[in-house]
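Chemist: sequence plus the predicted model coming up.
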Amino acid sequence: MGVYLTERPRLRLIGLRIETVLSETREQRMIPRLQEAFRERVSEVTGSVHLPVTYGVFIDPPDYNPDTDPFTWIAGVEAEPRAEAPEGMVEFELPAAAYAVLEYSGDIDRAGRTYDELYRWIQDSEFEQAGTYGFEMYPSDYSGEERRTADFLLHFPVRRKRPEQG
């Protein structure tokens, strides 16, 4: 399946958060370790909805340089408006937006090409990125052993490019 567009409503998440550099997360498997830690604690989130669906959210700083800049990753689950974050967890809200979406299936640790493909699609389309964040939506719960056959939907917020001003 290729890239498609979808509108998504605002989404409130509760989960675990880290700040890391891309090279560090690759070498030390920071994101997989965070997601495994969240998987072990997801039952603590009272008021979670739509399980087993979970999320991996990245938040890049402006003018992000993947070789040097730290970024934030949140492993979380959708939660009801009044649900409180358990100790050590954070709340995060994904805004309502239009998203370019690309499906990935395979070894979740080799999903970098999917990011590249979605970035290229946006650059070649009539859209542009509408934020410095995005997310992976996992339709099922994956243990460390199951990560080799995982599926997820990669979402980047987009808006139509503005006409060139001359």
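Modeler: That came through, no problem.

Chemist: output the below-cut-off pLDDT ranges for this structure.
Modeler: The model of the chain has pLDDT under 70 over residues 1, 108-109, 141-149, 165-166.

Chemist: ok, now with 50
Modeler: Across the chain, the ranges flagged by pLDDT under 50 are 165-166.

Chemist: what's the spacing between the spatially most central residue of the chain and N65?
Modeler: Nearest to the geometric centre of the chain sits F135, at 2.0 Å (CA atoms, centre = their mean). Here the criterion is CB to CB, to the nearest Å. By it, F135 lies 21 Å from N65. Yep, even glycine has a C-beta here, placed from its N, CA and C like the rest.

Chemist: could you pull out the strands for the chain?
Modeler: 4-8, 11-21, 54-59, 70-78, 90-94, 97-106, 127-129, 133-138, 150-160 (DSSP state E).

Chemist: now the angle from the third one to strand 133-138?
Modeler: Between the direction of strand 54-59 and that of strand 133-138, the angle (axes from the mean of the first three to the mean of the last three CA atoms, to 10 degrees) works out to 160 degrees.

Chemist: give the contact list for the residue nearest to the centre of the chain.
Modeler: Residues counted as contacts of F135 (CB atoms under 8 Å, 6 or more residues apart in numbering) are 55-58, 94, 154-155.

Chemist: likewise for R120?
Modeler: Taking CB under 8 Å, 6+ apart as the test, R120 contacts no residue whatsoever.

Chemist: roughly how far out does stretch 28-36 sit from the chain middle?
Modeler: 14 Å (CA atoms, centre = their mean, to the nearest Å).

Chemist: check stretch 154-166 too.
Modeler: Its chain's C-alpha centre and that of stretch 154-166 lie 20 Å apart, by CA atoms, centre = their mean.

Chemist: which residues does it contact?
Modeler: In contact with stretch 154-166 (CB under 8 Å, 6+ apart) are residues 5-6, 8, 95, 97-104, 111, 114-115, 118-119, 122, 126-131, 133-137.

Chemist: could you give me the buried positions within that stretch?
Modeler: Buried positions in stretch 154-166, judged by neighbour count with 16 or more other CB atoms under 10 Å: 154-158.

Chemist: and if you look at stretch 107-119?
Modeler: Those would be 108, 111, 114-115, 118, for stretch 107-119 by 16+ other CB under 10 Å.
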